[in-house]
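Colleague: The sequence and its predicted three-dimensional model are supplied below.
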Amino acid sequence: MRRPKDQLAFIEFQSPTLVENAPKDDDWLHEIKYDGYRTELIVQGGAARAFTRRGYDWSHRYKRIVQAAANLSAKSAILDGEVVVLGKTGLPDFQALERELGNPDSPKLMFFAFDLLHLNGRDLRQRPLIERKAALHRLLLETTPTLTYAEHLEISGNDVFDHACRMGLEGIVSKRAESPYRSGVQASWLKVKCVKSDTFPIVAFVEKLGAQPRRIASLYIGRWEGDRLLYAGKAQSGYTLEAARRVRERLDPLIISKSPLSEPIKKPKATWVRPEVLAEMQFSGVTDRGILREAVFKGLRKDLHVIPAKPPSPSKRRLESQHGVPRENILQLLPDAVAPSKEELAGYWQRVADRALVHLGRRPLKLVRHAFGATFYHKGPLPPIPASVHQLRVQKREGGEGVRVWVDDLNGLLGLLEMDTIELHPWNATVDDIEHADRLVLDLDPGESVPWDAVIEAALSLRGILEATGLESWPKLTGGKGVHLMAPLAAMMTHDRARQLARSLAQCLVDVDPDRYLLSADPVARRGRIFLDYLRNGRGNTAVGAFSPRARLGFPITHPVTWKQIEAGIHADAFTLAHPFKASPKKAA
């Protein structure tokens with residue numbers, strides 16, 4: 001059914017760029033960051049509709065808000081804001097909001113309006129923010145508290161931020177007073193957060209013994225790392241009695257007999273569940289092993305899609321029994337890999353060593369090896385290590401000590417060949433300080449049916465997001481089907497913080513268009529979308545290094561390129577072992 005010609009349509013939200021500090025200039029307005037659901041109200045012809053950030057019509061969930069909007073003294077209007085519930089302290093309470101969503105007529109549901117995009121036939125998006133807010137304030141003067149004007153402050157951003165954090169708010173959003181409204185992530189809106197929060201799949205719960213009605217005492221949560229579901233910690237607080245009962249009820253049909261985690265852990269009190277329910281968690285930090293510190297339950301996410309767990313592939317297990325590589329040495333088998341000869345690799349390294357070592361030298365390396373007829377990511381004890389290959393003892397994330405190799409000259413690269421190495425995947429840290437990252441990596445990995453032009457567009461959009469946070473990036477062709485964005489860090493940071501920063505940057509793009517981008521590697525969810533893989537960051541996590549050969553048909557290599565080449569549409573496998581310095585002239589499909 002076609003939309004009537006003059007009917008107003010959903011406008012993609014403008015989203016803020018996450019930064020560390022509030023702006024110091026005088027030309028900014030500062031608003032509190034509301035802990036709720038971003039919502040757009042469209043008013044026209046005496047009726048109103050409410051839309052989520054993904055453009056879903058939630059009018060049925062916000063009946064009282066929609067009715068209040070329909071009664072506004074305007075022929076037509078589009079309002080941007082946040083649906084929240086104020087808790088007992090008078091501050092936005094996400095858990096209370098989640099509880100009230102089941103009652104669309106709840107008087108506790110409030111819409112805090114902070115922008116006006118359209119009014120009485122006029123598109124206001126090109127008008128300065130300060131003018132739009134003035135018009136919004138006039139529009140809402142006579143309304144009930146269900147529709148509330150979001151006030152702003154024009155004092156020091158740091159003062160507003162400090163005050164917001166002392167009050168226990170989530171943070172602030174600073175906006176340039178003279179800026180127009182532009183959909184997507186923009187540097188004219190900046191977000192500074194007091195606390196960390198994120199969404200995680202629930203993998204298990206612990207029952208409150210003897211409680212009637214039945215309720216949870218705590219939750220175990222997971223996190224996706226590639227296609228593996230790993231343990232991310234336990235949330236023991238943040239539950240009201242009602243929330244604990246409702247979560248227990250929600251999880252009941254999902255109970256399973258075995259852990260859904262890719263790496264099982266001993267949790268005798270756990271009742272395992274299929275990881276199909278997402279929970280919002282607040283936390284103080286993340287350990288290098290990916291465990292949340294001081295996790296506090298905030299609520300279940302009903303506005304986000306669940307990502308089902310990926311079952312292990314039986315064909316992979318069969319393949320592991322068909323070669324001579326010890327199982328303990330295989331992190332991941334690559335059954336479709338094509339390995340070049342050692343002679344080809346030796347000739348290649350002799351040609352590119354000087355350029356390659358700029359990117360690969362003096363960094364701990366994860367190896368892809370080809371031995372006994374199998375190609376695989378190596379783990380565990382290494383084969384004999386030549387003298388030209390350096391060794392570094394490191395504390396492993398899972399405990400104990402391990403050895404990582406690194407090189408700093410051509411002889412080292414050739415020494416890796418003696419160890420049957422094909423691909424080199426370096427850490428985002430050097431051997432001089434392995435505990436601190438000196439760069440970020442964002443991997444744009446397109447799913448099935450995603451055209452190459454969409455990958456190029458995503459790379460350019462991410463470049464803009466990085467620039468808005470003060471990070472200059474350069475692109476790297478993967479030799480496969482994607483692009484890496486590499487961003488050197490002016491000041492090194494912990495791997496934990498680097499991964500969080502990378503995730504927040506990727507999330508900015510997901511927030512703009514969740515139908516095109518996602519942060520999960522699940523193959524079903526990725527169909528037609530681009531996986532923004534931020535998990536290449538973290539202690540010991542890697543991405544294939546610049547100038548590394550790839551174990552693929554045609555023997556492509558990973559290669560740094562310029563943004564001009566990206567804009568021209570250069571394809572991901574444009575450089576090969578045979579032609580490492582001149583790109584193939586063909587274009588991506």
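Modeller: Arrived safely, thanks for sending.
Colleague: ok, and the helix or strand in this structure with the lowest average confidence?
Modeller: Lowest on mean pLDDT, DSSP states H and E among the helices and strands of the chain sits helix 314-320, with a mean of 43.
Colleague: which element is the residue nearest the centre of the chain on?
Modeller: Most central in the chain under Cα atoms, centre = their mean is residue 503, positioned 3.9 Å from the mean C-alpha point. Secondary structure assignment for residue 503, by DSSP states H and E: helix 495-512.
Colleague: next SSE after that helix?
Modeller: Note on helix 495-512: by DSSP H and E, the next helix or strand toward the C-terminus is strand 517-518.
Colleague: which residues are in contact with that next one?
Modeller: If you take Cβ atoms under 8 Å, 6 or more residues apart in numbering as the criterion, strand 517-518 is touched by 458, 506, 509-510, 525-526, 529-532. Any C-beta I mention is one placed from the backbone N, CA and C, and that applies to glycine too.
Colleague: ok, 7 Å please
Modeller: 458, 509-510, 525-526, 529-532 (Cβ atoms under 7 Å, 6 or more residues apart in numbering).
Colleague: chain center to it: distance?
Modeller: 8 Å (Cα atoms, centre = their mean, to the nearest Å).
Colleague: who touches residue 262 in this structure?
Modeller: So residue 262 contacts 228-230 (Cβ under 7 Å, 6+ apart).
Colleague: Swap in 6 Å and give it another go.
Modeller: 228-229 (Cβ atoms under 6 Å, 6 or more residues apart in numbering).
Colleague: cool, and residue 531?
Modeller: 445, 521.
Colleague: Direction included, what does the helix or strand hosting it pair against?
Modeller: Following DSSP H and E, the helix or strand that holds residue 531 is strand 530-533. As defined by DSSP bridges, the strand partners of strand 530-533 come to strand 436-446 (antiparallel), strand 517-518 (parallel).
Colleague: Turn those into JSON lines, including distance to residue 48.
Modeller: Listed next are the strands paired with strand 530-533 as JSON lines, based on distance: least, Cβ to Cβ, whole Å:
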{"stretch": "strand 436-446", "distance to residue 48": "38"}
{"stretch": "strand 517-518", "distance to residue 48": "30"}
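Colleague: Name the SS class of residue 355, please.
Modeller: Under the three-state scheme (DSSP: H, G, I helix; E, B strand; the rest coil), residue 355 adopts helix.
Colleague: If you tally nearby residues, what's the number for it?
Modeller: Neighbours of residue 355 under the rule other Cβ atoms under 10 Å: 15.
Colleague: distance of it from residue 61?
Modeller: In this view, residue 355 and residue 61 are 56 Å apart by Cβ to Cβ, to the nearest Å.
Colleague: backbone phi and psi for residue 364, please?
Modeller: phi -60, psi 140 (degrees, to the nearest 10).
Colleague: residues touching it, list them.
Modeller: 392, 404, 406, 427.
Colleague: what sits against the last one?
Modeller: Spelled out, that is residue 427. The contact partners of residue 427, taken as Cβ under 6 Å, 6+ apart, are 363-364, 542.
Colleague: same deal with residue 43?
Modeller: By Cβ under 6 Å, 6+ apart, the neighbours of residue 43 are 69, 72, 77.
Colleague: isn't residue 542 right up against residue 365?
Modeller: No: using Cβ atoms under 6 Å, residue 542 is not in contact with residue 365; the gap is 7.9 Å.
Colleague: In terms of neighbours, single out the busier of those two.
Modeller: Legend: neighbour count by other Cβ under 10 Å for residue 542 and residue 365, higher for residue 365 (23 against 20).
Colleague: Look up how far residue 261 lies from the nearest residue to residue 256 once chain neighbours are set aside.
Modeller: Nearest residue to residue 256, sequence neighbours excluded (Cβ to Cβ, 6 or more residues apart in numbering): residue 272, at 5.2 Å. Residue 272 sits 9 Å away from residue 261, going by Cβ to Cβ.
Colleague: How many neighbouring residues does residue 203 have?
Modeller: With neighbours defined by other Cβ under 10 Å, the count for residue 203 comes to 27.
Colleague: Three-state assignment for it, please.
Modeller: Assignment for residue 203 (three-state DSSP): strand.
Colleague: got a list of what it touches?
Modeller: 220, 222, 260, 275.
Colleague: Please name the strands paired to whatever helix or strand residue 492 lives in in the sheet, noting orientation.
Modeller: Element membership of residue 492, judged by DSSP H and E, is strand 483-494. Taking DSSP bridges as the criterion, strand 483-494 pairs within the sheet with strand 436-446 (antiparallel), strand 474-477 (antiparallel).
Colleague: following the longest one, which helix or strand shows up next?
Modeller: Scanning forward in sequence from strand 436-446, with DSSP H and E defining helices and strands, the next element found is helix 452-468.
Colleague: Please save the CA atoms from stretch 556-569 in PDB.
Modeller: Output in PDB follows, covering the C-alpha atoms of stretch 556-569 (Å, rounded to 0.1, in the frame of the first residue of the first chain):
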ATOM      1  CA  PRO A 556      46.000 -12.400  -2.900                       C
ATOM      2  CA  ILE A 557      47.800 -10.400  -0.300                       C
ATOM      3  CA  THR A 558      46.700  -7.900   2.300                       C
ATOM      4  CA  HIS A 559      47.700  -4.400   1.100                       C
ATOM      5  CA  PRO A 560      47.600  -0.800   2.400                       C
ATOM      6  CA  VAL A 561      45.900   1.600   0.000                       C
ATOM      7  CA  THR A 562      45.000   5.300  -0.100                       C
ATOM      8  CA  TRP A 563      41.500   6.700   0.500                       C
ATOM      9  CA  LYS A 564      41.600   7.900  -3.100                       C
ATOM     10  CA  GLN A 565      41.900   4.300  -4.200                       C
ATOM     11  CA  ILE A 566      39.000   3.300  -2.000                       C
ATOM     12  CA  GLU A 567      36.900   6.000  -3.500                       C
ATOM     13  CA  ALA A 568      37.800   4.800  -7.000                       C
ATOM     14  CA  GLY A 569      36.400   1.300  -6.100                       C
END
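Colleague: centre of the chain versus it, how much separation?
Modeller: 24 Å.
Colleague: now swap in stretch 265-279 and tell me
Modeller: Put simply, stretch 265-279 sits 22 Å off its chain's centre (Cα atoms, centre = their mean).
Colleague: returning to what we had before: pretty sure the residue nearest to the centre of the chain contacts residue 534?
Modeller: Yes: contact criterion Cβ under 6 Å: residue 503 and residue 534 qualify, at 4.5 Å.
Colleague: Now do stretch 334-354: everything it contacts.
Modeller: Against stretch 334-354 from outside (Cβ under 6 Å, 6+ apart): 319, 370, 375-376, 410, 413, 417, 422, 547, 551-553, 555, 577, 580.
Colleague: go again using 8 Å as the cut-off
Modeller: By Cβ under 8 Å, 6+ apart, stretch 334-354 touches 316, 319, 356, 368, 370, 375-377, 409-410, 413-414, 417, 422, 547, 549, 551-553, 555, 557, 577, 580.
Colleague: Overlap of the contact sets of residue 542 and residue 365?
Modeller: Shared contacts of residue 542 and residue 365 (Cβ under 8 Å, 6+ apart): 425-427.
Colleague: So which of those residues is the closest to residue 281?
Modeller: When the shared contacts of residue 542 and residue 365 are compared for distance to residue 281 (Cβ to Cβ), residue 427 wins out at 27.7 Å.
Colleague: picking that back up, of the contacts of stretch 334-354, which belong to strands?
Modeller: 368, 370, 375-377, 422 (DSSP state E).
Colleague: If I look at the closest residue to residue 421 other than its chain neighbours, what pLDDT would I see?
Modeller: Counting by Cβ to Cβ, 6+ apart, residue 421 lies nearest to residue 367, which is 4.9 Å off, once chain neighbours are set aside. Looking at residue 367, its pLDDT is 97.
Colleague: Without its sequence neighbours, what residue ends up closest to residue 366?
Modeller: residue 425 (4.1 Å).
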